[in-house]
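Participant: Turn this into a model:
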Amino acid sequence: MKVVLAYSGGLDTSVAIKWLQDKGHDVVTFTAELGQNENLGEIKKKAESIGAKSYIKDLRREFVNDYVFPAIKANALYEGVYPLGTALARPLIAKHLVKIAEKENASAVAHGCTGKGNDKVRFEVTIKALNENLNIISPMVELGLSREEEIEYAKKHGIPVPVKKESPYSVDENLWGRSVECGILEHPEEEPPEDAFEWTSGIENTPDKAERIEIEFKSGVPSKLNNDAMDGVSLVSKLNEIAGKHGVGRLDHMEDRIIGLKTREVYEAPAAVVLLSAHNDLQKLCLTANENLFREVVERKWAYLAYSGLWMDPLREDLQAFIDKVNEKVTGSVKIKLHKGSCRVVGRKSENAIYDLNLATYGKKDVFDQKASDGFTELWGLQSRIARKIRKRKT
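Facilitator: Numbering: from 1, shown residues only. Okay, here's the model as predicted:
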């Protein structure tokens with residue numbers, strides 16, 4: 001049987017190639033270029049050295065335009081912390097995995113996910129939504145090896161993997177973020193060691209002088225950095241570099257996985273932290289109070305659907321329609337101050353701002369009729385006063 005394997009070049013998927021071959025399968029690998037800072041040529045050679053046909057596709061532009069930008073417009077943070085770096089990439093990889101399987105006339109696809117994480121759910125739900133006739137194989141679930149046993153398996157079969165027993169981090173990265181698991185990080189009471197981080201500087205190594213940047217948005221999408229027009233891939237990449245230098249984007253929190261586990265998760269997401277902070281602030285400037293209150297409900301649900309593998313769900317698309325609509329007005333610029341791990345909005349402006357200096361000022365140009373507040377307060381608290389009187393009578 002021909003199988004197309006989603007291949008990262010790491011421990012799990014490298015072991016998966018050999019295991020699938022031993023089961024008698026003809027293996028084709030697919031690797032997506034998503035900005036993971038790896039030598040994809042070497043990954044291709046590795047797959048071919050194990051005996052698999054290999055596909056490499058540069059999906060960075062599609063990833064940013066069709067997944068990251070919608071997430072920015074949705075201010076997407078799972079449980080208020082995680083910017084969904086890995087979660088956003090999975091449906092895109094699954095989409096192209098299915099396309100290659102159909103091109104190769106394969107009857108099955110495979111991935112390197114374990115049964116304990118979120119990615120097995122994300123891949124398989126999306127794959128079945130796109131082509132329910134494809135079989136799905138989970139080598140890591142079938143093998144059931146510990147991480148240490150996997151390393152020994154790889155050594156036994158001559159499979160080169162970039163991991164050592166003394167530092168067994170499992171890393172997934174793309175333009176929108178870097179996630180780090182395993183090793184000491186499995187102990188939530190312990191501070192993550194510096195060797196777990198690659199994109200962000202420790203506070204003690206960051207510049208003493210703050211850096212100010214300006215980001216321009218057009219209909220909710222970042223379009224310029226410091227007045228320079230950039231495509232999405234270049235803008236996100238540059239922000240990762242700038243913000244990471246200042247220690248911005250280190251995230252460490254307790255996360256509730258789809259399958260019920262509570263885990264400690266460590267992420268690096270410099271560009272995501274900056275862009276989400278800037279976009280959210282600009283939305284508050286451009287939208288009404290009611291729009292801002294309601295969008296928070298929509299955004300939480302959108303983030304949950306994206307996190308939990310339901311990117312293809314009609315509700316996610318329905319929510320996206322609302323999000324796109326309100327973002328039509330989110331055009332303007334935001335000034336950000338980066339310093340010692342902090343990302344702080346220090347200014348914003350928009351031609352769509354629902355802000356009138358003549359109404360907001362306390363100076364001589366104030367045109368707000370303060371006497372109007374007398375009638376407002378009389379009516380605003382009316383039911384509260386009546387209810388309180390009634391309760392006092394009954395006590």
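Participant: hey, let's count contacts and neighbours off CA atoms from now on
Facilitator: Noted.
Participant: Where does the record place the domain boundaries for this protein?
Facilitator: Domains of the chain are assigned by automatic domain parsing as 2-166, 173-349, 360-394.
Participant: packing partners for the least confident helix or strand in the chain by mean pLDDT?
Facilitator: In the chain, no helix or strand scores lower on mean pLDDT, DSSP states H and E than helix 147-156, which sits at a mean of 83. The contact analysis (3 or more Cα pairs under 8 Å, 6 or more residues apart in numbering; DSSP states H and E) places helix 147-156 against helix 11-22.
Participant: Can I get the next helix or strand after the helix it packs on in PDB, CA atoms only?
Facilitator: The element immediately downstream of helix 11-22 (helix or strand, assigned by DSSP states H and E) is strand 26-33. The C-alpha coordinates for strand 26-33 follow below in PDB (Å, rounded to 0.1, in the frame of the first residue of the first chain):
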ATOM      1  CA  ASP A  26       5.600   2.200  -0.100                       C
ATOM      2  CA  VAL A  27       6.400   5.500   1.600                       C
ATOM      3  CA  VAL A  28       6.200   9.000   0.100                       C
ATOM      4  CA  THR A  29       7.000  11.900   2.300                       C
ATOM      5  CA  PHE A  30       5.700  15.500   2.300                       C
ATOM      6  CA  THR A  31       7.500  18.300   4.100                       C
ATOM      7  CA  ALA A  32       6.000  21.900   4.200                       C
ATOM      8  CA  GLU A  33       8.300  24.900   4.300                       C
END
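Participant: who's in contact with strand 26-33?
Facilitator: 1-8, 17, 20-21, 40, 47, 51-60, 93, 97, 100 (Cα atoms under 8 Å, 6 or more residues apart in numbering).
Participant: partners of that strand in the sheet?
Facilitator: Looking at strand 26-33 with DSSP bridges, its partner strands are strand 2-6 (parallel), strand 53-58 (parallel).
Participant: and the angle from it to helix 11-22?
Facilitator: 160 degrees (axes from the mean of the first three to the mean of the last three Cα atoms, to 10 degrees).
Participant: returning to that earlier point: could I get the domains of the chain in JSON lines, plus columns for mean neighbour count?
Facilitator: What follows is those, written out as JSON lines (neighbours: other Cα atoms under 10 Å):
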{"stretch": "domain 2-166", "mean neighbour count": "19"}
{"stretch": "domain 173-349", "mean neighbour count": "18"}
{"stretch": "domain 360-394", "mean neighbour count": "10"}
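Participant: I'd assumed N75 was in a strand, is it?
Facilitator: No - N75 is assigned coil when assessed by DSSP: H, G, I helix; E, B strand; the rest coil, not a strand.
Participant: Contact partners for it?
Facilitator: Contact partners of N75, counting by Cα under 8 Å, 6+ apart, are L276, H279, N280, E299.
Participant: What separation do you get for it and N358?
Facilitator: N75 sits at a distance of 30 Å from N358 (criterion: Cα to Cα, to the nearest Å).
Participant: Same check on I336?
Facilitator: Separation of I336 from N358 (Cα to Cα): 26 Å.
Participant: Please read off the pLDDT at V330 from the model.
Facilitator: At V330 the predicted local confidence, pLDDT, stands at 98.
Participant: Likewise for A353?
Facilitator: Among the per-residue scores, A353 holds a pLDDT of 97.
Participant: Same question for K394.
Facilitator: Predicted confidence (pLDDT) for K394: 78.
Participant: Please state the offset of stretch 80-93 from the chain centre?
Facilitator: Per Cα atoms, centre = their mean, to the nearest Å, the displacement of stretch 80-93 from the mean C-alpha position of its chain is 4 Å.
Participant: would you list the strands paired with strand 26-33 in CSV and tack on mean pLDDT and distance to L305?
Facilitator: Formatted as CSV, the strands paired with strand 26-33 follow (pLDDT from 0 to 100; distance: least, Cα to Cα, whole Å):
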stretch, mean pLDDT, distance to L305
strand 2-6, 98, 22
strand 53-58, 96, 26
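Participant: Can you lay out those as a markdown table showing distance to G115?
Facilitator: Shown next, in a markdown table, are these (distance: least, Cα to Cα, whole Å):
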| stretch | distance to G115 |
| --- | --- |
| strand 2-6 | 16 |
| strand 53-58 | 25 |
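Participant: quick one, strands of the stretch 201-350 of the chain?
Facilitator: Ranges of strands in the stretch 201-350 of the chain, per DSSP state E, counting those that start in this stretch, are 211-218, 221-225, 228-229, 250-256, 262-268, 332-339, 342-349.
Participant: for those, which one sits closest to L185?
Facilitator: strand 262-268 (7.1 Å; Cα to Cα).
Participant: quick one: the closest one to strand 250-256, angle?
Facilitator: 160 degrees.
Participant: strands paired with strand 262-268, and their directions?
Facilitator: Strand 262-268 has these partner strands in its sheet, going by DSSP bridges: strand 177-181 (antiparallel), strand 250-256 (antiparallel).
Participant: Show me how far the longest one is from its chain's centre.
Facilitator: To tie it back to what came earlier, the one meant is strand 250-256. That offset, for strand 250-256, works out to 13 Å (Cα atoms, centre = their mean).
Participant: same thing with stretch 119-134?
Facilitator: With Cα atoms, centre = their mean as the basis, stretch 119-134 stands 20 Å off its chain's centre.
Participant: Which residues does it contact?
Facilitator: So stretch 119-134 is contacted by 87, 90-91, 94-95, 98, 107-109, 111, 113-114, 136, 308-312 (Cα under 8 Å, 6+ apart).
Participant: Go again with 6 Å.
Facilitator: P91, A94, S107, A108, C113, G309 (Cα atoms under 6 Å, 6 or more residues apart in numbering).
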